[in-house]
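>>> Quick one: sequence and predicted model below, then my questions.
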Amino acid sequence: MTRRAGEDALAYHGGALDVARLLAPNAPEPWIDLSTGINPYAYPLPDLPRAAWARLPEAHALAELERIAAARYGARQESVVAGPGSQALIQTLARLAPSGSAGALAPTYRGHLHAFSAESRTLQDVASLDELAACDVAVIVNPNNPDGRWTRRSDLLELGRLIAARSGWLIVDEAFADLDPSESLARRLPPSGSVVLRSFGKTYGLAGLRLGFAIASPDIAPRIRAALGPWAVSGPAIAIGAQALADSAWLSRIRNLVQEQARRLDALLESAGWSVLGGTHLFRLAHKPSAPRDFRALLEAGILARPFADTSDRLRFGLPAEEAHWRRLAAALVR
């Protein structure tokens, strides 16, 4: 079944509810957006002082945020650079990365490819770490989006060593690693040529805040900071990010909750004839031969899942936020 006009926009990135509404104008409101992999159980927003909104961010407040982030990620504070979302950091790295060949362990998140393309560079899909080791710039999403594939930290360290010996860069996108950081490279960052990206908004359910972190080797961190320029992170993002990242009790509760809900989602999908291929605690990747038709049925029910341009028999499902959403999803899956 071919994709209809407009559906390609939904295959680029999750969250395009404006496009979904055009495709299914009679769908019931409110829409349920399961396309993004953002934690639906958001961190509770604190009351902020007026100065957080009215004043330019202070350097000491940014430094404190980066100190707290370093403690959360198990990194050195001098390695941590805060930015206005991990996507902005991806764009920045594409501009700064060394010239030469660039590859990404595929299939994976296409945002890196688009960022390199915007710089008139090619990011080749590669199928193995051996192929990636031959590149001057290597990109790995870990855990991978959308299938949840993990690359072991020991393999990342060896890959980073080989690439750094040629003055290349290893970029490890850990956007979904907060809830399972066991293989995180941030904890053992190589001394040169390596960058780890972390997304605040996905785990803490506050994607609109636009906050992310680059954890970079000493030869790279100052270049990222200079490229971002002053006041790259807003005052409210600094204040909320610092409080949330220091809240270990909340993160522990959420980790247990989303693990439980991910298992519930697997059971629901399988009961409707889907094969769950993998994913992370915040999203599941599922296969069904009739996926294009099922995707459209979900749209008509006011539910947006994430399709893929190159694999039409798969959809990615995020976690429903509340019981009413679970019921609507269950009903739509059996249409």
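Structure received. Numbering: from 1, shown residues only.
>>> and the gap between the nearest residue to E300 once chain neighbours are set aside and L268?
Nearest residue to E300 in three dimensions, chain neighbours excluded: A24, at 5.2 Å (C-beta to C-beta, 6 or more residues apart in numbering). Just so you know, the C-beta spots here come from the backbone N, C-alpha and C atoms, and that holds for glycine as well. Distance, A24 to L268, by C-beta to C-beta, to the nearest Å: 21 Å.
>>> same question, N26
Using C-beta to C-beta, we find N26 at a distance of 25 Å from L268.
>>> and the two? which has more neighbours close in?
L268 (17 against 7; other C-beta atoms under 10 Å).
>>> Confirm that that one sits in a helix.
Yes: under DSSP: H, G, I helix; E, B strand; the rest coil, L268 sits within a helix.
>>> ok, now which ones touch it?
Applying C-beta atoms under 8 Å, 6 or more residues apart in numbering to L268 gives the contacts W326, L329, A330, L333.
>>> sec struct for the first one, please.
Per three-state DSSP, the local secondary structure of W326 is helix.
>>> residues near it, how many?
Residues lying near W326 (other C-beta under 10 Å) number 17.
>>> Please apply the same query to the second one.
The local packing count at L329 equals 21, with neighbours defined by other C-beta under 10 Å.
>>> Is it correct that it falls within a strand?
No: counting by three-state DSSP, L329 falls outside a strand, being helix.
>>> just to revisit the earlier point, if I look at the residue nearest to E300, how far off is G302?
In this view, A24 and G302 are 7 Å apart by C-beta to C-beta.
>>> need the contact list for L123.
Residues counted as contacts of L123 (C-beta under 8 Å, 6+ apart) are A102, G103, A104, H112, L113, F116, S117, V139.
>>> and the closest residue to P191 other than its chain neighbours, how many neighbours does it have?
Using C-beta to C-beta, 6+ apart and skipping residues adjacent in sequence, the residue nearest P191 is S217, 6.1 Å away. By other C-beta under 10 Å, the residues close to S217 number 19.
>>> Would you check how far apart S217 and Q243 are?
Separation of S217 from Q243 (C-beta to C-beta) stands at 28 Å.
>>> where along the stretch 201-335 of the chain do the helices fall?
Counting by DSSP state H, counting those that start in this stretch, the segments of the stretch 201-335 of the chain that form helices are 221-228, 235-245, 248-271, 291-300, 323-333.
>>> which residues in the stretch 51-200 of the chain form strands?
Using DSSP state E, counting those that start in this stretch, the strands of the stretch 51-200 of the chain run over 80-83, 102-105, 124-126, 137-141, 169-173, 194-199.
>>> how about the third one: buried residues?
Read it as strand 124-126. Of all the residues in strand 124-126, those buried under the rule 16 or more other C-beta atoms under 10 Å are V126.
>>> Which residues does it contact?
So strand 124-126 is in contact with S101, A102, G103, A104, L105, A106, P107, L132, C135, going by C-beta under 8 Å, 6+ apart.
>>> now these in JSON lines, with neighbour count and pLDDT?
Shown next, in JSON lines, are the contacts of strand 124-126 (neighbours: other C-beta atoms under 10 Å; pLDDT from 0 to 100):
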{"residue": "S101", "neighbour count": "16", "pLDDT": "98"}
{"residue": "A102", "neighbour count": "26", "pLDDT": "98"}
{"residue": "G103", "neighbour count": "21", "pLDDT": "98"}
{"residue": "A104", "neighbour count": "24", "pLDDT": "98"}
{"residue": "L105", "neighbour count": "21", "pLDDT": "98"}
{"residue": "A106", "neighbour count": "19", "pLDDT": "97"}
{"residue": "P107", "neighbour count": "17", "pLDDT": "95"}
{"residue": "L132", "neighbour count": "24", "pLDDT": "97"}
{"residue": "C135", "neighbour count": "23", "pLDDT": "98"}
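>>> Out of those, which is nearest to P320?
Nearest to P320, judged by C-beta to C-beta, of the contacts of strand 124-126 is P107 at 25.6 Å.
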